[in-house]
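A.B. asks: take this sequence and fold it.
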Amino acid sequence: MRRLIARLSALPHGIRAAMLYAVAMGWAKALAMVTLPLITAMLSPAEFGRLELLSSAAEIGGLLCGAGLVDTLYRFGSVPGAEGRAVSARLTGLALVIAALATAILLLLAPVLARLMALPTPRGDIMLLAIAVSLEPVLGVSLGWLRMQRRAGAYMAFAMLRATLQYGLVALLVATGHGTSGVLLAGCLTSLIVGSVLTRRQWRETGVRFAPTASVSLLRYGLPLVASGLANFVLGTADRWLLVGTVSAASLGHYALAVKIAMIVALLAQPFELWWFPQRLRFTSTPEGLARSSRVISLATAGMIGSGALVAFAAPWLVRLLAPPSYVQAVPMVPFMVLAVVLQLLGNMANVGCYTRSTGALPMLVNGIAAAVALLLYLVLIPSFGVPGAIAATVVAQSVRFSVFAVLSQRTVPLTWPYGRLAALSVVAAGVAALPQFASPRVSVACLLGLGLIAGAGVAGRWLRRPGRGLGLMGNRLEV
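C.D. replies: Below is the predicted model of the structure:
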């Protein structure tokens, strides 16, 4: 165990942090998969559908209550020393105020919100969900502080504690017959417990300050990012609402499966994003920082393009693994949805310059433009082309988002991109993604192995040609 810890400590911080974040995510996903059969066995389809609807409402509520405070922390709290701690103290105080106000407002509106739900929902379920959603800013600021301070181990511990507590309570409450209310109660109790522990820790490290004047300037940056997040939400989910009634339920199911498989690329990128996003604004003020940012973002971009190609290549096998044969029509959709996801991730990589301003208005504007393009194309293409129209609209909108972010960000933070290499990699990735659509599985795998051998030989050749590299016999030792 000591040797393992020593080897982990010797790794570069970015790699070590990404590994720890991946462990935390893997733990949470594994617990979710383990408890899913219990939930589906104990809940009727109607109850499960209501739970999914409430989860969607919670996503929007968490975005609104969060008020962009985490990104505000990354923007203004990244200053080292006392100044950064002071900003964090003010943001923690602001998060507590927002949590208290949101809880009071949502509890008062619970009867109205219950009547507005598309499916019959008890008022008590709305109240449980309201408490959990209202605590999101407190959890977000405290966990964001840990990430910004490069405490990946502490973040992993709290993330695993949160997942273990929540899914343990879910299993206990659902197994004892509490149904949907049990799932919501588990989330509410988990948020209260973990939020209390994190707030106490934050109080010790940075203090908590209630500063109305400073809060106004902080909200000036954060609130536009709420609209930006809502635009992204529209960009990612509005197509489902417009497809209902236009295409068959089977086609909608095929599309939903293709989207879930494509999101594997985003899941693979998330450990890197958890490490990089809190750090990236620190490196925008010096030439050395810009050079480092360029290297990191270029490598991440290459990794995302490669991950997308592999997920698209594996689509036929993934569909057979995750669904019965009736879902085979999802296979041709996966590469195009992967393209949309990769474009979204590249937009996140290229937008650093848009977050260095005094407000979050520019990201809101760009995401709003992309959402407007998506909605317009959905309305035009979906009635005529159905699912292919929705896919085409999403790809075009994500392309617009990536392009506009890249152009505007370069004016503030001029990163150096290896355009030629990334373009060549994109061409190869497109070929790999298209292979299973035109060739048999054996031929596809053989071609992929051939490309891998060629790429490996090329990397080895470049490494051997570098000064000081190569193999040489010195005495009886082989030196590299």
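A.B. asks: okay, and the residue nearest the centre of the chain sits in which element?
C.D. replies: What sits nearest the mean C-alpha location of the chain, by CA atoms, centre = their mean, is Gln270, with 5.4 Å. Assigned by DSSP states H and E, Gln270 belongs to helix 249-276.
A.B. asks: got the buried residues for the helix or strand just after that helix?
C.D. replies: Moving toward the C-terminus from helix 249-276, the next helix or strand (DSSP H and E) is helix 287-313. Neighbour counts using 16 or more other CB atoms under 10 Å place 290, 293-294, 296-298, 300-302, 304-313 of helix 287-313 among the buried residues. Using the backbone N, CA and C atoms, a C-beta is placed for each residue, glycine as well.
A.B. asks: for stretch 63-79, same thing?
C.D. replies: Quick answer for stretch 63-79 (16+ other CB under 10 Å): 63-78.
A.B. asks: which members of the residues you listed are the farthest-apart pair?
C.D. replies: Taking CB to CB as the measure, those span a maximum distance of 24.7 Å, between Leu64 and Ser78.
A.B. asks: quick one: the helix holding Gln270 to helix 287-313, angle?
C.D. replies: Going by axes from the mean of the first three to the mean of the last three CA atoms, to 10 degrees, helix 249-276 is angled at 150 degrees with respect to helix 287-313.
A.B. asks: so what does helix 249-276 touch, helix or strand wise?
C.D. replies: For helix 249-276, the packing partners by 3 or more CB pairs under 8 Å, 6 or more residues apart in numbering; DSSP states H and E come out as helix 13-42, helix 212-243, helix 287-313, helix 315-322, helix 334-350, helix 387-412.
A.B. asks: looking at those helices, which one is packed in the most?
C.D. replies: Greatest average neighbour count among these goes to helix 334-350 (a mean of 24), per mean count of other CB atoms under 10 Å.
A.B. asks: residues of the helix or strand following that one that come out buried?
C.D. replies: With elements assigned by DSSP H and E, the helix or strand that comes after helix 334-350 is helix 361-385. Buried residues in helix 361-385, defined by neighbour count with 16+ other CB under 10 Å: 361-368, 370-371, 373-375, 377-378, 381-382.
A.B. asks: try stretch 196-208
C.D. replies: For stretch 196-208, the buried set under the neighbour-count rule, 16+ other CB under 10 Å, comprises 198-199, 202, 206, 208.
A.B. asks: is it correct that Ile261 is in contact with Phe313?
C.D. replies: No. Counting by CB atoms under 8 Å, Ile261 stays clear of Phe313, with 11.7 Å between them.
A.B. asks: helices or strands up against the host helix or strand of Leu161?
C.D. replies: According to DSSP H and E, Leu161 maps onto helix 152-175. Judged by 3+ CB pairs under 8 Å, 6+ apart, the packing partners of helix 152-175 are helix 13-42, helix 136-148, helix 179-205.
A.B. asks: per-residue confidence for Glu479?
C.D. replies: With respect to pLDDT, Glu479 has a value of 33.
A.B. asks: same check on Leu101?
C.D. replies: 90.
A.B. asks: residue contacts, it?
C.D. replies: Applying CB atoms under 8 Å, 6 or more residues apart in numbering, we find Leu101 in contact with no residue.
A.B. asks: next, the angle helix 179-205 makes with the one helix or strand it maps to.
C.D. replies: Leu101 belongs to helix 82-116 when assigned by DSSP H and E. Per the same axes, to 10 degrees, the angle that helix 82-116 makes with helix 179-205 is 160 degrees.
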